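Trainee: no sequence on this one, just coordinates:
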């Protein structure tokens, strides 16, 4: 039995992903509590916010905006980090700091679009499969099983290779290999929600299916999706970098992190800074999203919650 | 009779975001050897917290015993280390829950944890333990106990699972069994079987039983003594028959009256208005009590009082005692 | 009084397959059930979990289509309605669920929970709906302040009142009460039972009250049916059955019930549990647990009147 029932419930037990159930000040208090309980998540959050700011403001803050594109200064090539070039320069004499920071913009853009597409495909399919069940469920879930049977990285590589190397194809490849995870997640939620009285009550009183899904099922199944998105964002940045590293994604001269490492690899032994800084940025952003996602999961999961 | 468990002035605090919250403030609760004591209360009354305090297993690490003593066979458990407690749990004192599924590991056949536990607590070999386990399973009336050892929890019905839990509990011949709402999820006919078995444990092994429930009707058939809880405190305690015949605390009386009865017809059931308010001073029931006077909330907490330990109530103005029919 | 709903020879079987290529078996969740509920009465349905009482109520709600049999509601066959009647019947049959924690949407305000049936069936302006919801809140004994609150701010009893408000919002003819108090504390149970009785008296609702708690059924219902393994084994006026239960299973249920009044109650062991309803035996389904069972019990048993004037029916040939 649930021993927790004996404790007076915390002010809001079912806040799960719902800002609307709380008044504004209570919502702020809730956020403060979340970060107080999850210090690492707070660290992750700070890093993410910083990276987002960097991505948004990149064109304004980088010292050598022209170095992002094709401009070359061969006379300056492969300079170690200095006051002028914080991260050193590349083989064409371009400022690596500018390129890496601009790379944040590229990576976040890829992540956002790829996840957006995956969610846009995955969630409706999951809702339909879970809600209508029977053969609809069978068909959708078997198709998603096919996709799930490949490791996402491998599948992305295969699809990207098939579609041809370009940034758009990279994003398509990633979302195609990621949507089944969301379908699965949502379907599980829907199946358990379908048993709940409020769904049954709505059906019994003749509320149309789409309304039951929109009002009762979707809002109550979003919490794990939000967690999943925050965790996947890191993996997708990593996958995008891997694909670009293999030459299947971003094409030069676009300063994508994976691409930078791929080129820098040739100079690895003599010019350490070339691969180090883009690598560090990949590492930091993946870690930040994982820390934040972990914290979010613990916070939203009633089982690991203690208060 | 000699006392097995004696809890005095036990306080449990829980730290929450909004401050410290007194989850339990137990003046006096004791269980004699070979006796069934029922702890009755509604949601949030502190009855499960009492069980947690005895086992020193709290659902959250924010809960702490801050005061009082819990004497088990004369030794104060409050000061015991976690390691010392581990040796007692499952052996001298054990617990069964409302949902046996949550305490049975679904990946093991049910014999597995039984044998492991018996080996650990009784210090016997595997073969011997197996024999004990089969005996225990057949004692609780499970068909084909040998085959039962190899079955998985999901293959059993709710009633059978609860029987397995009881057989596990009794295999090590504990001195105290804490049963936390063991029949709440079960049907009436199955409930009766489980009550019977728990009673058998008391009669055959002399186990003392702390029976936690919100269902007053169940209590009347299994408990020697009962303790009614409200707002984390015991507000009335005594021999079961005494308490039912002549409840002294208004809350107890109202609780008994609120139960629909099979034998008499009442158009409306008397109800207890309002809700528990943890913030009030004095008697915790004062805000809902029809008999409350101003003094109830100004004189501090009422203490458990009565003519003898057989019947006590924590009320400043207890109800008149109904004379016994001779 | 006229019959509001008549259930005739209703059967609902669910197919199950043992293993991937195993033979198809059928769970006889509801097997040949016939009963009727009169306008304005409270009809009790008693049985243990797995006896089919939930399947029966879900079939009346039309969450399931029956395998066989008919349900006539307000003189119309529930399963061959035209579109308009179909909508009307969705309005006329409502349900209150067992667990108030599970039966209200945590993401919606109390107001929008209660307004949902109104939005679905009536054309009212936002203002009218709000006024209506507040009136309903008042009707179930909650303050109108609850309108903009969320379920997690409410206690179990208050949530169940919200569930009741939602059920009565459209002034239905039949309300199915599926164990409406079994998840609640005793003192709260009394409040909810009183509320249900008051509503019935003032609005003339007809209740189908499902419960495993006999004392609650006794308190609420004028007639009742006892179900065992998909069949009705005893049916009749509550007062008669409570005075003298006839069927061995009903007797067992009554004897198992711990009550405050019985002081000489001795705990005794009654073996056995209700089996699963997969391919049940042809004869009496209770025979395997019945202490009076004889060979003839393996023949098909019919429900018959033991007492014509009080319409007390039993399914046990030993009582013939």
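Mentor: Nice, thanks for sending it over. Fair warning: this is a prediction, and the values are worked out from it, not measured in the lab.
Trainee: which residues are contacting the helix or strand hosting residue C:128?
Mentor: Using DSSP states H and E, residue C:128 sits in helix C:126-139. For helix C:126-139, the surrounding residues in contact (Cβ atoms under 8 Å, 6 or more residues apart in numbering or on different chains) are C:110-111, C:114-115, C:118-119, C:124, C:143-144, C:146-147, C:165, C:168-169, C:199. The C-beta positions use only the backbone N, C-alpha and C, and glycine is treated the same way.
Trainee: orientation of the helix or strand following it relative to helix C:126-139 in degrees?
Mentor: Downstream of helix C:126-139, the next assigned helix or strand under DSSP H and E is helix C:156-168. Relative orientation of helix C:156-168 and helix C:126-139, computed by axes from the mean of the first three to the mean of the last three Cα atoms, to 10 degrees: 130 degrees.
Trainee: Next secondary structure after helix C:156-168?
Mentor: strand C:174-178.
Trainee: quick check: angle from the helix or strand that comes right after that following strand to helix C:126-139?
Mentor: Next along the chain after strand C:174-178, taking DSSP H and E as the criterion, comes helix C:186-203. Helix C:186-203 runs at 120 degrees relative to helix C:126-139, counting by the same axes, to 10 degrees.
Trainee: and the residue nearest to residue C:298 when sequence neighbours are not counted, how many residues sit next to it?
Mentor: Of all residues beyond its chain neighbours, the one nearest residue C:298 is residue C:283 (3.8 Å), with distances taken as Cβ to Cβ, 6 or more residues apart in numbering or on different chains. Per other Cβ atoms under 10 Å in any protein chain shown, the neighbour tally for residue C:283 reads 17.
Trainee: now residue C:283: how far from residue C:319?
Mentor: Distance from residue C:283 to residue C:319, counting by Cβ to Cβ, to the nearest Å: 15 Å.
Trainee: tell me, what residue is most central in the chain?
Mentor: Let's take chain A. Nearest to the geometric centre of chain A sits residue A:233, at 1.4 Å (Cα atoms, centre = their mean).
Trainee: Actually, chain C is the one I wanted.
Mentor: residue C:210 (2.9 Å).
Trainee: In three-state terms, how would that one be classified?
Mentor: Of the three states, residue C:210 takes strand under DSSP: H, G, I helix; E, B strand; the rest coil.
Trainee: Please verify my assumption that residue C:168 contacts residue C:94.
Mentor: Yes: counting by Cβ atoms under 8 Å, residue C:168 does reach residue C:94; the two are 7.2 Å apart.
Trainee: Could you name every residue contacting both of these two?
Mentor: Common neighbours of residue C:168 and residue C:94 (Cβ under 8 Å, 6+ apart) are residue C:175.
Trainee: of the two, who's got more company?
Mentor: residue C:94 (26 against 20).
Trainee: Can you give me the distance of the more buried one to residue B:156?
Mentor: From residue C:94 to residue B:156 the distance is 36 Å (Cβ to Cβ).
Trainee: go on, residue B:319?
Mentor: For residue B:319, the distance to residue B:156 (Cβ to Cβ) stands at 46 Å.
Trainee: When the two are compared, which one has more neighbours?
Mentor: Legend: neighbour count by other Cβ under 10 Å for residue B:319 and residue B:156, higher for residue B:156 (19 against 15).
Trainee: Now do the same contact list for the residue nearest to the centre of chain C.
Mentor: C:44, C:45, C:53, C:54, C:57, C:176, C:177, C:178, C:179.
Trainee: Backbone dihedrals for residue B:288, please?
Mentor: The phi/psi pair for residue B:288 (degrees, to the nearest 10) reads phi -120, psi 0.
Trainee: what's the spacing between it and residue A:33?
Mentor: 32 Å.
Trainee: Longest helix in chain B, by number of residues?
Mentor: If you go by DSSP state H, chain B has its longest helix at helix B:188-205.
Trainee: And chain A, is that helix touching that?
Mentor: No: applying Cβ under 8 Å from any Cβ of the partner chain, one finds helix B:188-205 out of contact with chain A, separated by at least 14.5 Å.
Trainee: from the chain's centre, how far out does that helix sit?
Mentor: Taking Cα atoms, centre = their mean, to the nearest Å, one finds the center of helix B:188-205 at 15 Å from the center of the full chain.
Trainee: what inclination does the helix or strand just after it have with respect to helix B:188-205?
Mentor: Counting by DSSP H and E, the next helix or strand C-terminal to helix B:188-205 is strand B:208-213. Interaxial angle, strand B:208-213 versus helix B:188-205 (the same axes, to 10 degrees): 160 degrees.
Trainee: what comes into contact with strand B:208-213?
Mentor: Contacts to strand B:208-213, defined as Cβ under 8 Å, 6+ apart, come from residues B:4-5, B:31-40, B:47-48, B:50-51, B:54, B:175-184, B:198, B:201-202, B:219, B:222-223.
Trainee: For the closest residue to chain A within the stretch 51-200 of chain C, which residues are in contact?
Mentor: As assessed by Cβ to the nearest Cβ, chain A sits closest to residue C:103 within the stretch 51-200 of chain C, at 2.6 Å. With contacts defined as Cβ under 8 Å, 6+ apart, residue C:103 is in contact with A:196, A:197, A:198, A:200, A:201, C:97, C:159, C:163.
Trainee: Repeat the analysis, applying 10 Å as the threshold.
Mentor: Contacts were defined as Cβ atoms under 10 Å, 6 or more residues apart in numbering or on different chains; by that measure residue C:103 touches A:196-201, C:95-97, C:113, C:151, C:159-160, C:162-163, C:166, C:178, C:180, C:183.
Trainee: Name the SS class of it, please.
Mentor: At residue C:103, secondary structure determined by three-state DSSP is coil.
Trainee: And for the one 3 residues further on?
Mentor: Residue C:106 carries the three-state label coil when classified by three-state DSSP.
Trainee: Quickly note the distance from residue B:196 to residue A:176.
Mentor: From residue B:196 to residue A:176 the distance is 61 Å (Cβ to Cβ).
Trainee: Comparing those two, which residue is more hemmed in?
Mentor: A side-by-side neighbour count of residue B:196 and residue A:176, using other Cβ under 10 Å, places residue A:176 first with 21 against 18.
Trainee: does any part of the helix or strand containing that one sit near chain B?
Mentor: Secondary structure from DSSP H and E places residue A:176 in helix A:167-194. No: Helix A:167-194 lies apart from chain B when judged by Cβ under 10 Å from any Cβ of the partner chain; the minimum separation is 16.4 Å.
Trainee: After that helix, which helix or strand is next? Please name it.
Mentor: Counting by DSSP H and E, what follows helix A:167-194 is helix A:197-204.
Trainee: Is any residue of that next one near chain C?
Mentor: Yes: Helix A:197-204 is in contact with chain C by Cβ under 10 Å from any Cβ, via A:197, A:198, A:199, A:200, A:201, A:202, A:203, A:204.
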